[in-house]
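Asker: sequence and predicted structure, then a few things I'm wondering about:
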Amino acid sequence: MKLQINYKSSLYSLIVILLGSASVFYLFKYNPPKDRPGNVYEDQHFDHSKFSNLHFKESSTALGIDYRNIDFVLKDVDPKKYITSEFVSPSVSVVDINNDGFMDIYITTSDGKPNLLYINQGGKYFVEKAADYNLANLNQKSYPSYALWADFNQDGRIDLLLARFGCHGLYLQSSNGKFIDNSDRLKGYCSQPDGVNVGDFYQTGRLDLVFANFAASPEDHTESNVLWMNNTQYDNMTGGKNRLLRNTGKEFVVEEKADFITRSYTHNAGIADVNLDGLPDIFFANDYAHDELFLNKGQGIFQDVTDEYIPKITHGLSGMNSEFFDFNRDGLLDLYVTNIYKPPFYRKFNLLWKKKPDGRFENVSLDTGSAKCGFSWGAKFTDIDHDGQDDLLIANGRTRSPELKSINQGKSMWYERIEISQIPRFLRKYYHPKTEITGRFISAFEHNCFFAQKGGMFFDISKMSGFDDTEENKTLALIDYDNDGKMDVITAGGLAKLKIYHNTSEIKSTDHWIGFSLIDKNGNTILHGARVKFKLSNGDTIFREIYPANGYRGFSDSRVNVGLGQSKIVGDIEIYWPLSRRIKKISSFKIDQYNSIRELQ
């Protein structure tokens, strides 16, 4: 059979395509659609009076913390791969570094400036003491990306892993409270991570590390796409290679058997025991590509189950944050992934993956009203008013030129971003991606989102609650700094002022809460992988798994805090201790306070 080609029809089709593309380009270039923040949120109509008891008071300055990230550009790097401070958001950690029962705050800074450690003064205010702990001047060689806290040498004291855009640092706490540089244990491992997490992946009792490497490092041999700052096209081959580092007890060794397959631009590594086999599994939130879920099969081997568990057809392709949390209290850990929602340019949205009894997940974000919050980053669940329904808080915004005070003063970069993405791949090496930011913005002046949960639905009450800051925030961490049982919130961003939102919500006299501060047999108070489970009289099953490093650039309060509403706890409380891998049942506990529970020898 001879193939016949209608050249006239083909030429006509080509002309139509070219004219159509040119028309679209002209419309966007010279008559761009309105770029306003009002169209990036959930379109909801509800009775606001039902949430009038929920509110925050921004209290950072009153508490003695006055920090704003400054503008900088990484030095001594190829300008095609530059990273500015609007991308490098401060890492904020919540940790009780001196074991006095009050949570302290550690902040990574930029441009070689000292990191900051604010010691909590009995829940009343904070005093900066980083130098006293040898934790101030740690940024001379490379810029920090994440501060992670864990007991890496099983001595019962909290240590620091400081991830950097370069070579990473490990600092072990000594008996006098000061931190000693033990970075040689990392064997010179260097990479470009936007996130890092920790878990006992080999069930040895030692904590291992997983690096979410956003951009390529020398070991990847092929450099990152020169358009990675402006790209909007699918790309899972030119980012950094994610790595698992095994803790041998003396050093950390790269696990070659842990093949995470792609080189996606990963922002965050979330950890949870997804299939409850005792082995922590890993979720990667990826930009420009599908997210990835790997089940831990033991001995450093991981199985890609992404499409089986979280179907790729729904992915947002701009994953920023991963939060494992049982939002509907059915005893199954769900997963929340933040993405970009910016119509008409980008119509994906945040994903709330609800876990089904068969272990797979279904996306219910649109059904629950938790899908849309602009350019979303860090996100965490917690019960703000102890009504027995867990709420959702999200940091939102990308960047702006520092001198812009309103959206009417600048020009959106979204149009250029779309145009740039159309450059053919073979021409990209000739393109200089450093876009002039002066007088411009992208997804700026958008407020954070506070979704209060009622009856399985989420309602955005950001503006009425005082959680509506319009500086561009990315980092979000939870803290109960005054130990009143009401969770407070910390946010920070590339050029934003660090803010502490004191939870001033009114709690009904009939609503209660319970908290747990767990201490393992070594005396360690941050128990990565510990679990707490119990039932309530209303039929809910509470299931919490402790991985405080889950979330974008935020290391949250590691204590368990549960709002009970009017329900009572039924039966015993089960606690899984990761070091011994044993379950302990407790029947004696007190509500409306933190219960300090020690693991027996």
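Answerer: Arrived safely.
Asker: only C-alpha atoms from now on, for both contacts and neighbour counts.
Answerer: Will do.
Asker: any low-confidence regions in this structure?
Answerer: 1-38, 71-87, 111, 225-233, 425, 428-436, 601 (pLDDT under 70).
Asker: domains of it?
Answerer: Split into domains by automatic domain parsing, the chain comes to 37-503, 512-598.
Asker: and the ones you listed as a markdown table, adding mean neighbour count?
Answerer: Listed next are these as a markdown table, based on neighbours: other Cα atoms under 10 Å:
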| stretch | mean neighbour count |
| --- | --- |
| domain 37-503 | 20 |
| domain 512-598 | 20 |
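Asker: so residue 93 sits right up against residue 558, yeah?
Answerer: No: at 10.3 Å, residue 93 does not count as touching residue 558 under the criterion of Cα atoms under 8 Å.
Asker: what about the closest residue to residue 454 other than its chain neighbours, which helix or strand?
Answerer: In this structure, residue 454 finds its nearest non-sequential neighbour in residue 389, 6.8 Å apart by Cα to Cα, 6 or more residues apart in numbering. Under the criterion DSSP states H and E, no helix or strand holds residue 389.
Asker: residue 389 and residue 42, how far apart?
Answerer: 20 Å (Cα to Cα, to the nearest Å).
Asker: please tell me how far the residue nearest to residue 454 sits from residue 453.
Answerer: The separation that residue 389 has from residue 453, given Cα to Cα, amounts to 6 Å.
Asker: can you map out the helices along the stretch 251-400 of the chain?
Answerer: Taking DSSP state H, counting those that start in this stretch, the helices of the stretch 251-400 of the chain run over residues 306-309, 365-368.
Asker: with respect to residue 48, which of the ones you listed lies nearest?
Answerer: Closest of the helices of the stretch 251-400 of the chain to residue 48 is helix 365-368, at 17.2 Å (criterion: Cα to Cα).
Asker: what's the closest one in contact with?
Answerer: 350, 351, 352, 353, 371, 456, 457, 458 (Cα atoms under 8 Å, 6 or more residues apart in numbering).
Asker: do I have it right that the third one meets residue 371?
Answerer: Yes: taking contact to mean Cα under 8 Å, the distance of 7.5 Å between residue 352 and residue 371 places them in contact.
Asker: list the contacts for residue 144?
Answerer: With Cα under 8 Å, 6+ apart, residue 144 has these contacts: 108, 109, 110, 162, 163, 164, 165.
Asker: what is the fourth one paired to in the beta sheet?
Answerer: It stands for residue 162. Residue 162 forms beta bridges with residue 147, residue 169, as assigned by DSSP bridges.
Asker: against residue 186, how distant is it?
Answerer: Separation of residue 162 from residue 186 (Cα to Cα): 11 Å.
Asker: repeat for the second one
Answerer: Per Cα to Cα, residue 109 is found 22 Å from residue 186.
Asker: and what of the last one?
Answerer: With distances defined as Cα to Cα, the gap from residue 165 to residue 186 amounts to 15 Å.
Asker: okay, the residue nearest to residue 290 when sequence neighbours are not counted and residue 92: tell me how far apart.
Answerer: Leaving aside its chain neighbours, residue 290 sits nearest to residue 317 (5.3 Å; criterion: Cα to Cα, 6+ apart). Per Cα to Cα, residue 317 is found 26 Å from residue 92.
Asker: try residue 190
Answerer: Residue 190 is 22 Å from residue 92, by Cα to Cα.
Asker: same check on residue 487?
Answerer: Applying Cα to Cα to residue 487 and residue 92 gives a distance of 16 Å.
Asker: repeat that for residue 501.
Answerer: Counting by Cα to Cα, the separation of residue 501 from residue 92 is 14 Å.
Asker: go on, residue 400?
Answerer: According to Cα to Cα, residue 400 and residue 92 sit 21 Å apart.
Asker: got it, and residue 576?
Answerer: 27 Å.
Asker: same check, this time on residue 574
Answerer: For residue 574, the distance to residue 92 equals 30 Å [Cα to Cα].
Asker: and what of residue 327?
Answerer: 24 Å.
Asker: same check on residue 538?
Answerer: 36 Å.
Asker: one more: residue 557?
Answerer: Distance, residue 557 to residue 92, using Cα to Cα: 11 Å.
Asker: now for the two: what residues contact both?
Answerer: Joint contacts of residue 557 and residue 92 (Cα under 8 Å, 6+ apart) are residue 477.
Asker: now the helices of the stretch 251-400 of the chain in CSV, with distance to residue 463?
Answerer: As requested, the helices of the stretch 251-400 of the chain are exported to CSV (distance: least, Cα to Cα, whole Å):
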stretch, distance to residue 463
helix 306-309, 36
helix 365-368, 20
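Asker: out of these, which gets nearest to residue 507?
Answerer: Among those, the nearest to residue 507 by Cα to Cα is helix 365-368 (24.3 Å).
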